[in-house]
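A.B. asks: heads up, no residue letters with this:
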Ligand code: URA
């Protein structure tokens, strides 16, 4: 399945503005919301349509409507919450499933500390949202968890990604579609994306 890096000039422009070291919390949040909205539009462009009968002012018509159940958005705590509002502008009826992961200090692997996944996930597309795809560990654990819950159709949205993280997800889950604002250069030794955004969670929550 494809890795889709947005070519939309507005996405590129807004991701560039996010990189400014002097950016305010307010501006960071607003831009994250706007980019999330644009990426959600791009990520849903292949959703199927069906014909639905409707009575409109001029009589009975057949109109195209979404064929499948509303998707579930899956913000990964905590930074993923910064993309939720933008995604909901495009999918206001989406269900929300939440996943919280933290690193096990012994195994160094991400472990789930909170899961609230919609019960009929097997019949919905899941759209994972997280600002940064760095090493890929958290996204991988989330996708594993969604699949273990029965989810068959997964899209993941990231504002910025490292090539290393993209490869991890592609290798482990080639069926998952990745929609990314910008694929950056690389990771540094601490697992931060370069040039990247710094700690996106801190910037969204104002905890710098
Ligand atoms: N998480 C972040 O917030 N930033 C990075 O660069 C990597 C992971």
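C.D. replies: In hand now; what should we look at? As the structure is a computational prediction, the values presented were derived from the model and not from experiment.
A.B. asks: So which bits of this structure are right by the ligand?
C.D. replies: Contact residues, the chain versus the ligand (CB under 6 Å from any ligand atom): 132, 134, 191, 192, 193, 196, 199, 200, 201. Just so you know, the C-beta spots here come from the backbone N, C-alpha and C atoms, and that holds for glycine as well.
A.B. asks: from the residues you listed, which ones fall inside helices?
C.D. replies: Among these, the ones falling in helices (DSSP state H) are 200, 201.
A.B. asks: could you dump the residues of the chain next to the ligand to a markdown table with pLDDT and distance to residue 185?
C.D. replies: Below are the residues of the chain next to the ligand laid out as a markdown table (pLDDT from 0 to 100; distance: CB to CB, whole Å):
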| residue | pLDDT | distance to residue 185 |
| --- | --- | --- |
| 132 | 98 | 14 |
| 134 | 96 | 12 |
| 191 | 92 | 14 |
| 192 | 95 | 11 |
| 193 | 97 | 8 |
| 196 | 98 | 9 |
| 199 | 96 | 18 |
| 200 | 97 | 17 |
| 201 | 96 | 21 |
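A.B. asks: contacts for stretch 88-99?
C.D. replies: Stretch 88-99 has contacts (CB atoms under 8 Å, 6 or more residues apart in numbering) with 33, 37, 40-41, 44, 70-77, 84, 87, 112, 114-118, 121, 124, 126-127, 142, 145-146.
A.B. asks: Buried among the residues of the chain next to the ligand? Need that as a selection in PyMOL.
C.D. replies: Selection of buried members from the residues of the chain next to the ligand for PyMOL, criterion 16 or more other CB atoms under 10 Å:
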select buried, resi 132+134+192+193+196+200+201
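A.B. asks: Which of the residues of the chain next to the ligand lies at the shortest distance from residue 158?
C.D. replies: residue 132 (6.5 Å; CB to CB).
A.B. asks: excluding its backbone neighbours, what's nearest that closest one?
C.D. replies: residue 200 (5.0 Å; CB to CB, 6 or more residues apart in numbering).
A.B. asks: isn't that neighbour right next to residue 82, touching?
C.D. replies: Yes. Judged on CB atoms under 8 Å, residue 200 makes contact with residue 82 at a distance of 7.0 Å.
A.B. asks: shared neighbours of those two, anything?
C.D. replies: 32, 131.
A.B. asks: Could you tell me which helix of the protein is the longest one?
C.D. replies: For the chain, the longest helix by residue count, based on DSSP H, is helix 25-43.
A.B. asks: Contacts for it next, please.
C.D. replies: Counting by CB under 8 Å, 6+ apart, residues outside helix 25-43 touching it are 4, 6, 8, 10-11, 14-15, 17-18, 23, 82-87, 89-91, 127, 129, 131, 155, 157, 159, 177, 179-181, 200, 203-204, 206.
A.B. asks: In PyMOL, how would I select the buried members of these?
C.D. replies: Listed next is the PyMOL selection for buried residues among the contacts of helix 25-43, using 16+ other CB under 10 Å:
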select buried, resi 4+6+11+14+15+18+23+82+83+84+86+87+90+91+127+129+131+155+157+159+177+179+180+181+200+203+204
